[in-house]
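Enquirer: I need the structure of the sequence given here:
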Amino acid sequence: MMDLNQFKQLFEGFATTKIGVVGDIMLDTYWWGGVDRISPEAPVPIVSLQRKETRVGGAANVALNLRALGAPTTLFAVVGKDTEGSDLNALLKAEGIDTQYIYSSASRVTTNKVRIMGRNQQMMRLDHENTHDINDEESKALLDHFYAYVEKEQPALNILEDYNKGVLTPHIIKAIIAYCNQKGIPTAVDPKQKNFLAYQNCTIFKPNLKEVKEGLKMEIPTVDLAHMQQVHVALQAALQHTISFITLSEHGVFYAQENKQQLIPTHIRNIADVSGAGDTVIAVASLVYAYSKDMTLAAEIANIAGGLVCELVGTAPINKTLLAKEVEKLLVTSHS
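Expert: From the prediction side, this is the model:
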């Protein structure tokens, strides 16, 4: 699969592999507290708040994973002119993510998902967000920023991370993919339902199994190579993209590129929490592919990374040292 030298080169090479991330960024807020009585006003628990924690979510978590692996990462998004927007910017800057192209708009709020946590479980979630498409002014600012960045930095790859919150409109999607294709820069897409079939001519298309079933309105009775090949053919008919890369939860991952396809099973893990695993998978696959142009390798390493983050509670980025150890154990030594 990979000798020790190639493996070292790859992990060191991340530091010079520039990646742009375009999409919906959000704040994940956790209020932790104790619960020991029911309210006299209504049959609901009273949570005595003890601490508050804020993390980055959505496309920002993809950027966080890229940074954790050492890649120079730039975000393109639209947030509100509000405290949440400032908090989000500060969290990203603290992680060394380039935030200069994040556009603050007076006509939107920053997406904030507030989770009330009691007795180590989620009691309630409050979502404060706008999900309508960004307006013309916001679109123009986003695209101008993106074109300027590509001209100046010549990134190795750009990721489009869609959370259905209105940043990736059909117009933005089309413009970005066309521009990247013209410049010879690959694009990787993590789609959502709304614009599932808008990502025509992208390089890597990475839905999960549920999104594929809904997006193509297709039954997939069993997850095996034959059925997944049919999925790839159907996706290509709709999107004319280059590579299908589909995450299959407990079944692992599947990828297809030209006449190569493979179903890679998961490595056995103690699953604690699957939230944010998709963000890690797209980040790792995109970065490995951007550096090596080897989709087999990208799929193998992303599969390992997705499993590793599932062992942690909550949305957490990949740990580079831990990933390197696992990759060395599973892909370098076992194949040498």
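Enquirer: for stretch 34-44, the distance to its chain's centre please.
Expert: Offset of stretch 34-44 from its chain centre (Cα atoms, centre = their mean, to the nearest Å): 37 Å.
Enquirer: Nearest to the spatial middle of the protein, which residue is it?
Expert: residue 279 (2.9 Å; Cα atoms, centre = their mean).
Enquirer: what about it, which helix or strand?
Expert: helix 277-292 (DSSP states H and E).
Enquirer: Contact partners for the residue nearest to the centre of the chain?
Expert: Applying Cβ atoms under 8 Å, 6 or more residues apart in numbering to residue 279 gives the contacts 58, 61-62, 64-65, 161, 190, 315. The C-beta positions use only the backbone N, C-alpha and C, and glycine is treated the same way.
Enquirer: now residue 327
Expert: Applying Cβ under 8 Å, 6+ apart, the residues near residue 327 are 7, 301, 304.
Enquirer: Counting neighbours, which of those residues comes out on top?
Expert: residue 301 (28 neighbours; other Cβ atoms under 10 Å).
Enquirer: In space, what's closest to it - neighbours in sequence excluded?
Expert: The shortest distance from residue 301 to any non-neighbouring residue, by Cβ to Cβ, 6 or more residues apart in numbering, is to residue 288 (5.1 Å).
Enquirer: The one you found and residue 302 touch, don't they?
Expert: Yes. At 6.9 Å, residue 288 counts as touching residue 302 under the criterion of Cβ atoms under 8 Å.
Enquirer: and for these two, which residues touch both?
Expert: Counting by Cβ under 8 Å, 6+ apart, nothing touches both residue 288 and residue 302.
Enquirer: Bridged to residue 260, which residues?
Expert: residue 257 (DSSP bridges).
Enquirer: Could you verify my assumption that it touches residue 254?
Expert: No. Judged on Cβ under 8 Å, residue 260 makes no contact with residue 254 at a distance of 11.6 Å.
Enquirer: Neighbour count for those two, which is higher?
Expert: Remark: of residue 260 and residue 254, residue 254 carries more neighbours, 26 against 10, as counted by other Cβ under 10 Å.
Enquirer: and the more buried one, what is it in contact with?
Expert: Here residue 254 is in contact with 223, 225, 228, 231-232, 244-246, 248, 261-264 (criterion: Cβ under 8 Å, 6+ apart).
Enquirer: and with 7 Å instead?
Expert: 228, 246, 248, 263 (Cβ atoms under 7 Å, 6 or more residues apart in numbering).
Enquirer: hmm, which two among the residues you listed are most spread apart?
Expert: 246 and 263 (9.4 Å; Cβ to Cβ).
Enquirer: Mutual contacts of the two, please.
Expert: With Cβ under 7 Å, 6+ apart as the test, residue 246 and residue 263 both reach 228, 254.
Enquirer: Please say which of those two ends up with more neighbours.
Expert: Neighbour comparison, residue 246 and residue 263: the larger count goes to residue 246, with 25 against 20 (by other Cβ under 10 Å).
Enquirer: that's a strand at the more buried one, yeah?
Expert: Yes. Under DSSP: H, G, I helix; E, B strand; the rest coil, residue 246 sits within a strand.
Enquirer: Who's the closest spatial neighbour of it, skipping the chain neighbours?
Expert: residue 254 (4.7 Å).
Enquirer: ok, the one you found to residue 220 distance?
Expert: According to Cβ to Cβ, to the nearest Å, residue 254 and residue 220 sit 11 Å apart.
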